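**Q** I would like to see how this sequence folds:
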Amino acid sequence: MGIMSLPLFFLCLVVVSVMQYCPTLALKRSYVVYLGSHSHGAEPTSILDSIRITDSHHELLGSCMGSKKKAQGAIFYSYTHHINGFAAVMEEEEATEISKQPGVVSVFLNQEHELHTTRSWEFLGLERNGVIPADSIWEKAKFGEDIIIGNLDTDNLDFLTSFEICVWPESESFNDKGMGPIPSKWKGYCETNDGVKCNRKLIEARYFNKGVEAEKGKPLNSSYQTARDTDGHGSHTLSTAGGGFVGGVDIFGSSYGTAKGGAPKARVASYKVCWIGCSVADVLAAFDAAIHDGVDVLSISLGSYPPPDYFQDTIAIGSFHAVKNGIIVVCSAGNGGPTPGTVKNSAPWIITVAASTIDRDFPSYLMLGNNKQFMGLSLYANSLPAKKFYPLVYSVDAKAANASARDAQLCSVGSLDPKKVKGKIVYCLFGHTGEVEASLEVGQAGGIGMVLSYPLQSTHSFIYARPRAHFVPTVSHVSAADGLSILLYIRTTEYPVAYISGATEVGTVAPPIMPSFSSTGPNRITPEILKPDITAPGVNILAAYSEAIGPTPLGSDDRRVPFNILTGTSMSCPHVAGIVALLKKIHPHWSPSAIKSAIMTTARTRSNVRQPMVNGTLGAANPFNYGAGQISPNHAMDPGLVYDLTTTDYLNFLCSIGYNSTQLSTFMKKKYKCPSKPTSPSDLNYPSITVPSLSGKVTVTRTLKNVGTPATYTVRTKAPGGISVKVEPKRLKFEKINEEKTFKVTLEAKRDHVKGGEYVFGRLIWSDGEHYVRSPIVVNATTTTLHM
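**A** Numbers count the residues shown, from 1 in each chain. Okay, here's the model as predicted:
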């Protein structure tokens, strides 16, 4: 039928975690049993195949229920087309039993889907079905009350045009209703040009332009004299980190619910450092101001590539000073993927964040008059006047008299004849015309809907196509094969008709998946330090927006939306910043490195169907994609142990990569001497272990600090391919809080078991039975001097 073009393995009906319901009685509930894909491909070859598949489902469930007849009565859906699995009513014990059977990918409750605007926070476990449980980090951290988040960012998002990073102060996300006095430590202020007003929520809005003025060599006009957001990006990132609760939010009917930031009761401060570009002088001035003002967390979605030397990197320098003053700095990894080594902001004192998906999508559907249905994407798909069929026309058949067939095929500006388009759904092809521009052309010509398909020669993947705010109801990103089927229907039907529908859907994909745009390791400056550190939601994120600009890059877009959906590591970065603010509230005396360690060592590397995370091509993802894994906020509250670091540790690290005592003494403005015994950068007490050039064997040292109750931890490892891993000692006994214990890890390359020149990945885990302190192991073995 061509309904879906996504790989079958990921088209499962995933719902919210089963943990949200713990029955005390053996009650029967409905479950989905997911079995992956079918051996026959996308569709059964015959009715007999469907019967055979259904019968196999009865057999499988019957083996757990005690009889096939009982299973036949319990199953109310057998998925025999794209998805292999079934839905059935059963007891919890039966669900547990069937989850252990060979071939069963996952078993999960058939919960009702409830839509929430900033879905990422529920996806990360901070709320469940719109309800905040007592064990949520939000409750424990009092929603980040009075923690101060500062925001510096820019056009790190490759998908969009330049950004003026600032804030739209009138946004409801920055409403201060119910907030108490500003913390007494705060030294910042508000620059009120252009009608900008601060309050008890938005406690600072400043701009920095002297650097860009110096670059231009002449005085700046009034457009450079404001902290106001005219591009939307700054408001989006700031509200993602610390925006308050705003109910009834949507964008053109999609993603309806309540918007909120990671730390909804935090105070926020905006530092505008970018205009057409970002002067490093302005960036450093903003760092300096933020440290002085008293921020607790800095969220920075900007960076340079290729990354320079640490001492030539404004962000590395500014963040070092911030960390030295107890401020946690969170930076985006960049959008240069999937090319290896494109990760930005790679200093070890920074938390570097990759982007991953959540379990929400914005599908749109085209139903043809022959009852065949095809899927695409759009933020504007569910608003046709009535559920009836409308005429469907190929754009080439509706071209304007003075337009070429090629321009009409792409629905280019001015290419359509209003007399032939009015009241119809128009079928167009992707090309040099932007998809939003194509929808504008259809709308201006009187069309009521658009279908946008890839051409036959296209190799574009649907998986990370982004839904757009089209001007008419649209089914975009239709596959080339499905597009050909639609065109064939138009050409062979006397009166072709169609209907467009769509709605926000939750739980239909298997996240988190690492999109191809997210920048990857290895770290080009210091390959011994794994980057990125962590991944967080960064795909299709809804948050506050500027009402000075439309929701699309088109200058002619005069629509205004208070909230908009954006994608990139610029969106994932403030997710982590918000969580950092919560951790800072719970653990005010933890160092920035302790908070970073808690986030990394409690991260997860499996999807919500308990499969290893994958990348944008559906291949296996690895720590160069996601660092330690997907952030898990509730687990980060109580990591058990942390890898802590001091300013001196970072200085010793800089010595190990070639900086000398004179340089570092100048950097610190006080006398400092490098260790007399040379150290390796791999020995920095980092929550991950990376050896970029292993020849023979090497031993690295780590120290763990107890931040929980007294306990004894035992180590286990998953060795990288072709590498042996030995840890000494194998047990660490902690008897008091803040007690530290040191261990050594010896890595050795095995002859004939390792392919030189390729990175391999493993894991080290310390556990007391309650806490699991995980660290990635990343090794690149050379081809010389390999040992048995």
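
**Q** When you work out contacts or count neighbours from here on, use the C-alpha atoms and nothing else.
**A** Fine.

**Q** Leu452 against Phe430, yeah?
**A** Yes: using CA atoms under 8 Å, Leu452 makes contact with Phe430 at a distance of 6.3 Å.

**Q** Look at these two and report which has more neighbours.
**A** Between Leu452 and Phe430, counted using other CA atoms under 10 Å, the more crowded position is Leu452 (26 against 21).

**Q** where does the stretch 651-788 of the chain dip in pLDDT?
**A** Across the stretch 651-788 of the chain, the ranges flagged by pLDDT under 70 are 751-756, 783-788.

**Q** try it again with 90
**A** 659-660, 662-672, 677-679, 695-696, 750-758, 781-788 (pLDDT under 90).

**Q** now the strands for it?
**A** Listed in chain order, the strands of the stretch 651-788 of the chain (DSSP state E, counting those that start in this stretch) span residues 689-694, 697-706, 711-718, 723-728, 731-734, 740-749, 759-767, 772-781.

**Q** Give me the most central residue, this structure.
**A** Nearest to the geometric centre of the chain sits Pro537, at 2.3 Å (CA atoms, centre = their mean).

**Q** who's that one bridged to?
**A** Applying DSSP bridges to Pro537 gives these bridge partners: Ser356.

**Q** That one touches Asp359, doesn't it?
**A** No: taking contacts as CA under 8 Å, Pro537 lies outside contact range of Asp359: 9.8 Å.

**Q** Pull up the overlap in contacts between the two.
**A** Residues touching both Pro537 and Asp359 (CA atoms under 8 Å, 6 or more residues apart in numbering) are Pro512.

**Q** that older thread, any idea how far the residue nearest to the centre of the chain lies from Ser572?
**A** Relative to Ser572, Pro537 is positioned 5 Å away (CA to CA, to the nearest Å).

**Q** likewise Ser476?
**A** For Ser476, the distance to Ser572 equals 25 Å [CA to CA].

**Q** ok, back up a step: overlap in contacts, Pro537 and Ser572.
**A** Common neighbours of Pro537 and Ser572 (CA under 8 Å, 6+ apart) are 355-356.

**Q** still on that earlier bit, the residue nearest to the centre of the chain and Asp397: what is the separation?
**A** Using CA to CA, Pro537 is found at 42 Å from Asp397.

**Q** cool, Glu93 as well?
**A** From Glu93 across to Asp397, the span is 60 Å (CA to CA).

**Q** wait, Tyr310 sits on Ile317?
**A** Yes: the pair Tyr310 and Ile317 passes the contact test of CA under 8 Å, sitting 7.0 Å apart.

**Q** anything in contact with each of those two?
**A** Counting by CA under 8 Å, 6+ apart, no residue touches both Tyr310 and Ile317.

**Q** Output the lowest mean pLDDT helix or strand found in this structure.
**A** Lowest mean confidence among the helices and strands of the chain (mean pLDDT, DSSP states H and E): strand 106-109, at a mean of 64.

**Q** so for the next helix or strand along the chain from it, what's the average pLDDT?
**A** Tracing the chain C-terminally past strand 106-109 and defining elements by DSSP states H and E, one meets helix 119-123 next. Mean per-residue pLDDT for helix 119-123: 81.

**Q** what do you get for stretch 561-577?
**A** Stretch 561-577 carries an average pLDDT of 90.

**Q** and what of stretch 629-640?
**A** 96.

**Q** got the end-to-end distance for that stretch?
**A** 18 Å.

**Q** repeat for stretch 236-250
**A** End-to-end distance for stretch 236-250, by CA to CA: 14 Å.

**Q** Next: stretch 218-225.
**A** This stretch, stretch 218-225, spans 14 Å end to end (CA to CA).

**Q** Need the contact partners of that stretch.
**A** With contact meaning CA under 8 Å, 6+ apart, stretch 218-225 is reached by 193-194, 207, 209, 213, 275.

**Q** any idea where the strands of the stretch 101-250 of the chain begin and end?
**A** Counting by DSSP E, counting those that start in this stretch, the stretch 101-250 of the chain has strands at residues 106-109, 148-153, 202-207, 246-251.

**Q** In CSV, list the ones you listed along with distance to Ile586.
**A** Shown next, in CSV, are the strands of the stretch 101-250 of the chain (distance: least, CA to CA, whole Å):
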stretch, distance to Ile586
strand 106-109, 32
strand 148-153, 14
strand 202-207, 22
strand 246-251, 24
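
**Q** so which of these comes closest to His292?
**A** Nearest to His292 among the strands of the stretch 101-250 of the chain is strand 148-153 (11.6 Å), distances taken as CA to CA.

**Q** between the closest one and strand 202-207, how big is the angle?
**A** Orientation check (axes from the mean of the first three to the mean of the last three CA atoms, to 10 degrees): strand 148-153 against strand 202-207 gives 30 degrees.

**Q** List of residues touching strand 148-153?
**A** By CA under 8 Å, 6+ apart, the residues outside strand 148-153 that reach it are 165, 234, 237-238, 241-242, 266-274, 283, 286, 290, 294-302, 570, 577-578, 581.
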